[in-house]
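In: Provided below for reference: sequence and predicted model.
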Amino acid sequence: MRSQFFGLYVREILRTFRNPFVLLMTIVQPFMWLAFFGSSFGNVPKQTLESLFGTGDYIKFLLPGVLSTSMLSIGMFGAMSTIQDKRFGFMKRILITPTSKGVIFLAKAFGSATRGMVQIPVMVAAALAFGVRFALTPIEWGAWVAALLCLALGFSSLFLAVTAPSTDWQTPGVVANFITMPLMFASTSLFPSRQFPSWMQAISSANPITFSALLGRGFVLGTAVDWAYLGYLAAFAGAMLLLGFAVSARWLKVE
Amino acid sequence: MTAPVAIETHNLSKRYGSLTKGVLALDRVDLSVPSGSVFGLMGPNGAGKTTLIKVLTGVSDMTSGEARVAGFDVRRQSMEVRSRIGWVAAEVILDDDFSGWENLWLQAKLQGLRDWESRARTILAYFSLEDRRDEKVSHYSTGMRKKLEIALALLHQPSVIFMDEPTIGLDVGTRRMLWDIVRGVRQEYGVTVLLTTHYIEEADALCDRIAIIELGRIIAEGTPSELKAKVRADLVVLETTEELDRGALTALPGIQELTSQGAEWTFRVASSEQFLPQLLASVPPQRIRRISVEKPSLETVFLDLTGRRMGQEEPMRDVRKFYAQVRRARG
């Protein structure tokens, strides 16, 4: 099982890094968010920003949120790669070896999550270029990366579970639109939840993107951090991995 | 003493969809493939060949019945079966982002092999691919891609290789090359090959035994010679410029069966050598458009068993009827 997982995981990674366009888009998309959305509050008085976001630098507020949201969207790539394997018959080639469907799922989920991790140094470098200064301890950096990894694993697993029975190219896109928009806006990734209506606050308070954004924001802004968020995110990743594994083992369509 | 059996099925059925509206793709298939043989599964498109391979390789579950491959139960010991089989697809399936060597590396990982490099080098040398091993397979020719796919199937020293229409869509030269490879692989590596094809000459040239499958059922099985011996008749096909008197033709001696479609007459006769002079004497030469003779072949076996030629679907008959009518209308 280890051998099969390693082979398929390395395949996922190599395929990403050998496709310059996919790599570029993976990096550019969150960068654009930071550049365009982050700059949209450029002319807002600092006092207003501080009262709204707890910092006069909106990009500093936004960075942990955009990184968290990016982990949501990378799940789509894993699902699309799975559908490509089904459509081109590669899934059949894999399954006519002693490789279980569960292992295929794990390799795809970890492959997607790893792809998502590439965005972290790029985004941090971009934030530095926008003038953001970081004062995180190595433990805080590690915890932030671990939180984002849990989020990426959780959402990759969720995407793979939902698209396991499908062979339609359109499915990942449709699912992405369905999952991404509500989860992104009903979280604190872009705005604090104080101004949300109560029903959105309820969603936000159970939304893993909120946990990741708040944790990262605490580290970046140097404010109080609730470390329990890391535990919630680990539980989310674990639950989604279990769900994805079980669904794939049962319903992963071969072609 | 009987040869050990590599593949065995008993009452194997596979249904797609519901009992009432579904399709019965395999209907109580009984098959026994001796170890070390090249076994051909021959039938037209949609006969059930690929479905049988899917079931035997564990890709698709059977609806009922039993199947054993390489001594293991396909349903209960799927992983054991999958570590002892290789697969060559109709369409070449490789990872185009990878080199030939990397495709072999991935296959080794999927098969859980440890010391695979020296065997991979030997196989690449056998297929004359060692010089191109580090090139991306997207740069390979079709023949090279097919060879690499067979190399992948052989890497883990399987007992059985399934080849699903391996020469479909290939030019004549590449097809002949693949025939040589299949023969060589069996001889060199001692594997059992189950090969599906709808090319009659391919089955005849390659296979020790052949099963003919039609509508999900095995309708005949034997060596090519055994199957041909079942026909014991020649086919004489006569195409005329206009319809002839059926009664006069039926009266000719030696006819076992006469069928016609428009102006095309097919005579099943015991000896074409004795029949042809009598036919030519009874039909005016100006009315003869074409005459052909078919000696017993797998094609005639299939025709004999099913009443139609391989690949001849019902709509084609309609087209031929249509053209016959057009010719008649033109006079």
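Out: Perfect, I can see it now.
In: now the helices for the chain?
Out: Answering for chain A, as no chain was given. A:2-17, A:20-32, A:38-39, A:46-53, A:58-87, A:90-95, A:101-117, A:119-129, A:138-163, A:170-185, A:198-205, A:208-221, A:228-251 (DSSP state H).
In: You answered for a different chain; I wanted chain B.
Out: Using DSSP H, the helices assigned to chain B run over residues B:49-57, B:78-82, B:100-110, B:117-126, B:142-154, B:172-189, B:200-206, B:224-231, B:246-250, B:272-282, B:298-306, B:314-330.
In: Looking at those, spot the one closest to A:Pro172.
Out: Distances from A:Pro172 to each of the helices of chain B were compared using C-beta to C-beta; the minimum, 23.5 Å, belongs to helix B:100-110. For every residue, glycine as well, the C-beta is placed using N, CA and C.
In: and that closest one, average pLDDT?
Out: This predicted structure assigns helix B:100-110 an average pLDDT of 97.
In: which residues are contacting it?
Out: The contact list for helix B:100-110, computed with C-beta atoms under 8 Å, 6 or more residues apart in numbering or on different chains, reads A:3-4, A:6-8, A:10-11, A:14, A:94, A:97-99, B:94-95, B:98, B:116, B:120, B:123-124, B:129, B:132-135, B:137, B:140, B:148, B:151-152, B:155-156.
In: Of those, select the buried ones using a PyMOL command.
Out: Those of those that meet the burial criterion (16 or more other C-beta atoms under 10 Å in any protein chain shown) are gathered into one PyMOL selection, given here:
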select buried, (chain A and resi 3+4+7+8+10+11+14+94+97+98+99) or (chain B and resi 94+95+98+116+120+123+124+129+132+133+137+140+148+151+152+155+156)
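In: looking at the helices of chain B, which has the lowest confidence?
Out: helix B:314-330 (a mean of 53).
In: what residue is smack in the middle of the chain?
Out: Since you didn't name a chain, this refers to chain A. The C-alpha lying nearest the average C-alpha coordinate of chain A belongs to A:Met71 (C-alpha atoms, centre = their mean; 1.0 Å).
In: Sorry, I should have been clearer: chain B.
Out: B:Thr197 (1.9 Å).
In: correct me, but that one touches B:Gly40?
Out: Yes: B:Thr197 is within contact range of B:Gly40, at 6.2 Å (criterion: C-beta atoms under 8 Å).
In: Overlap of the contact sets of the two?
Out: Residues touching both B:Thr197 and B:Gly40 (C-beta under 8 Å, 6+ apart): B:Ala203.
In: quick revisit: closest to B:Leu31 out of the helices of chain A?
Out: helix A:90-95 (21.4 Å).
In: List the buried residues for the closest one?
Out: By 16+ other C-beta under 10 Å, the buried positions in helix A:90-95 come out as A:Phe90, A:Met91, A:Lys92, A:Arg93, A:Ile94, A:Leu95.
In: now those in TSV, with pLDDT and distance to A:Ala109?
Out: Converted to TSV, those look like this (pLDDT from 0 to 100; distance: C-beta to C-beta, whole Å):
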residue	pLDDT	distance to A:Ala109
A:Phe90	93	17
A:Met91	94	15
A:Lys92	93	21
A:Arg93	93	20
A:Ile94	95	15
A:Leu95	94	17
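In: Could you report the distance from A:Phe159 to A:Gly244?
Out: Counting by C-beta to C-beta, to the nearest Å, the gap between A:Phe159 and A:Gly244 amounts to 9 Å.
In: out of those two, which sits in the more crowded spot?
Out: A:Phe159 (30 against 27; other C-beta atoms under 10 Å in any protein chain shown).
In: ok so, going back, for B:Met62, find the nearest of the helices of chain A.
Out: Comparison of the helices of chain A against B:Met62 by C-beta to C-beta identifies helix A:90-95 as nearest, at 15.7 Å.
In: confidence score at A:Met117?
Out: The model's pLDDT for A:Met117 equals 92.
In: Show me how chain B divides into domains.
Out: The record's domain split for chain B, according to automatic domain parsing, is B:5-228, B:231-330.
In: Report the closest residue of the stretch 101-250 of chain A relative to chain B.
Out: Here the residue of the stretch 101-250 of chain A nearest chain B is A:Val103; by C-beta to the nearest C-beta that distance is 9.5 Å.
In: so who does that residue touch?
Out: Residues counted as contacts of A:Val103 (C-beta under 8 Å, 6+ apart) are A:Met1, A:Gln4, A:Phe5, A:Leu8.
In: how about the residues of the stretch 1-150 of chain B near chain A?
Out: B:57-60, B:79, B:82-83, B:85-87, B:89, B:91, B:93, B:95, B:97-98, B:102, B:105-113 (C-beta under 8 Å from any C-beta of the partner chain).
In: Can you tell me which residue of chain A sits closest to chain B?
Out: For chain A, the residue closest to chain B is A:Gly7, as judged by C-beta to the nearest C-beta, at 2.6 Å.
In: Distance-wise, check A:Gly244 relative to A:Thr69.
Out: With distances defined as C-beta to C-beta, the gap from A:Gly244 to A:Thr69 amounts to 20 Å.
In: Revised request: answer the last question for B:Asp134.
Out: In this view, B:Asp134 and A:Thr69 are 40 Å apart by C-beta to C-beta.
In: cool, A:Ser189 as well?
Out: Spatial separation of A:Ser189 from A:Thr69 under the definition C-beta to C-beta is 5 Å.
In: Next: B:Leu249.
Out: Plainly put, B:Leu249 is 81 Å away from A:Thr69 if you go by C-beta to C-beta.
In: And for A:Val22?
Out: Using C-beta to C-beta, one obtains 19 Å as the distance from A:Val22 to A:Thr69.
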